[in-house]
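A.B. asks: this one's sequence-less:
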């Protein structure tokens, strides 16, 4: 959400988003979009966390050396942290929904989701490293982890910035908060 446009137009007049909606309608739509993104992220994180939580009950788990054990525990912490972080927007909504603070709710929820995306990305890289370490060995795990780490950086960091910079609309016509 573009908080500048919300601050400039607090009365709920038409938003500067290229849509025929008020700022209140825009905030509602953005909140719904944010919740849908959280649902998608939560499912993937729960699947990875469930996988990780079953590993100690496997017979080969006792073969982990100190580095692999540390990687495993780091992944468990990342999964738990990402899961907890994705609950923050819901908790904020419970506290703020009736206080007409949707603009703050959306903007802070947006920041939380961005952090959660990176945590989930690191979780995926760490889980891949653990699996490759157990199946093929440490060197292969390192190579695949570096490749996935670079891919993560490209997909979550560079690609969105590149798309934004290639916007076909003129600077005065750029969509805000859509």
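C.D. replies: Nice, I can see it. Computed from a prediction, not measured in an experiment: that's the story for all the values here.
A.B. asks: what about this protein, any weak spots by pLDDT?
C.D. replies: For the chain, the stretches flagged by pLDDT under 70 are 1-18, 168-178.
A.B. asks: do a quick rundown of the helices in it.
C.D. replies: Shown for the chain, the helices assigned by DSSP state H span residues 3-8, 23-54, 66-96, 102-135, 138-152, 159-165.
A.B. asks: which parts of the fourth one are buried?
C.D. replies: This means helix 102-135. Neighbour-count burial for helix 102-135 flags 102-110, 112-113, 116-117, 119-130, 132-134 (criterion: 16 or more other CB atoms under 10 Å). Heads up, the C-betas are built off the backbone N, CA and C, glycines and all.
A.B. asks: picking up where we left off before, make a markdown table from the helices of the chain and add distance to residue 60 to it.
C.D. replies: Shown next, in a markdown table, are the helices of the chain (distance: least, CB to CB, whole Å):
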| stretch | distance to residue 60 |
| --- | --- |
| helix 3-8 | 51 |
| helix 23-54 | 12 |
| helix 66-96 | 10 |
| helix 102-135 | 7 |
| helix 138-152 | 15 |
| helix 159-165 | 37 |
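A.B. asks: mean neighbour count, these: which tops it?
C.D. replies: Among these, ranked by average contacts under mean count of other CB atoms under 10 Å, first place goes to helix 102-135 (a mean of 19).
A.B. asks: quick check: the nearest residue to residue 79 once chain neighbours are set aside vs residue 81, distance?
C.D. replies: Distances taken as CB to CB, 6 or more residues apart in numbering place residue 49 nearest to residue 79, at 3.9 Å, with adjacent residues excluded. As judged by CB to CB, to the nearest Å, residue 49 and residue 81 stand 11 Å apart.
A.B. asks: distance of residue 79 relative to residue 20?
C.D. replies: 42 Å.
A.B. asks: contacts only, for residue 125.
C.D. replies: Neighbour list for residue 125: 145, 148-149, 152 [criterion: CB atoms under 8 Å, 6 or more residues apart in numbering].
A.B. asks: out of those residues, who's nearest residue 90?
C.D. replies: residue 152 (25.5 Å; CB to CB).
A.B. asks: show me what contacts that closest one?
C.D. replies: Shown in contact with residue 152 (CB under 8 Å, 6+ apart): 121-122, 124-125.
A.B. asks: could you rerun that using 10 Å?
C.D. replies: Residues in contact with residue 152, defined by CB atoms under 10 Å, 6 or more residues apart in numbering, are 117-118, 120-122, 124-125.
A.B. asks: middle-most residue in this protein, spatially?
C.D. replies: Residue closest to the average C-alpha location in the chain (CA atoms, centre = their mean): residue 117, at 2.1 Å.
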